[in-house]
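Asks: Provided below for reference: sequence and predicted model.
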Amino acid sequence: MTIWMLDTNIVSNAVHRRSATLAERLLTVPTNQLCVSSISYGETRFGQAQRPTATRLTEAIADFFTEVAVLPWTRETALAYGDLRVAMKRLGKALQPLDMLIAAHALEAGATLVTNDHAFRHVPVLETADWTTE
């Protein structure tokens, strides 16, 4: 069974209904195969907190996260992060700090990262998919 970890940009696209292709794909995948890193959940919460009067947004986010599991950051995830950061440094590649955390979380969880951010393609052995264009 494939586990699909949704990146922050995909959560945003889904909540704001910016991509019909993404919406269709989300309907075809069983919810027990979908997850979000606690890092992406925090980023989503940050965006929501910046718009406290946006009640539709708050409701859409709440609805989304009743269906999609949030994976906690664990000791094993932290170890994966350290290893990934060293590997990326050796390759001369870098990601934004939160993206590095999300990539490590996907690797540790054995998940394919669903994202439309091409920077993740530089992460060795990380499987990615872009559901906004497929």
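Replies: All right, it came through fine.

Asks: Setting aside sequence neighbours, what's the nearest residue to Thr112?
Replies: Glu127 (4.2 Å; CB to CB, 6 or more residues apart in numbering). Using the backbone N, CA and C atoms, a C-beta is placed for each residue, glycine as well.

Asks: What's the local residue count around that neighbour?
Replies: By other CB atoms under 10 Å, 16 other residues sit near Glu127.

Asks: Kindly state the pLDDT recorded for it?
Replies: For Glu127, the pLDDT comes out at 97.

Asks: I'd like the distance between it and Phe120.
Replies: Glu127 sits 10 Å away from Phe120, going by CB to CB, to the nearest Å.

Asks: which residues do these two both contact?
Replies: Residues touching both Glu127 and Phe120 (CB atoms under 8 Å, 6 or more residues apart in numbering) are Leu113.

Asks: circling back to that earlier point, for the residue nearest to Thr112, which residues are in contact?
Replies: Applying CB under 8 Å, 6+ apart, the residues near Glu127 are Ala111, Thr112, Leu113.
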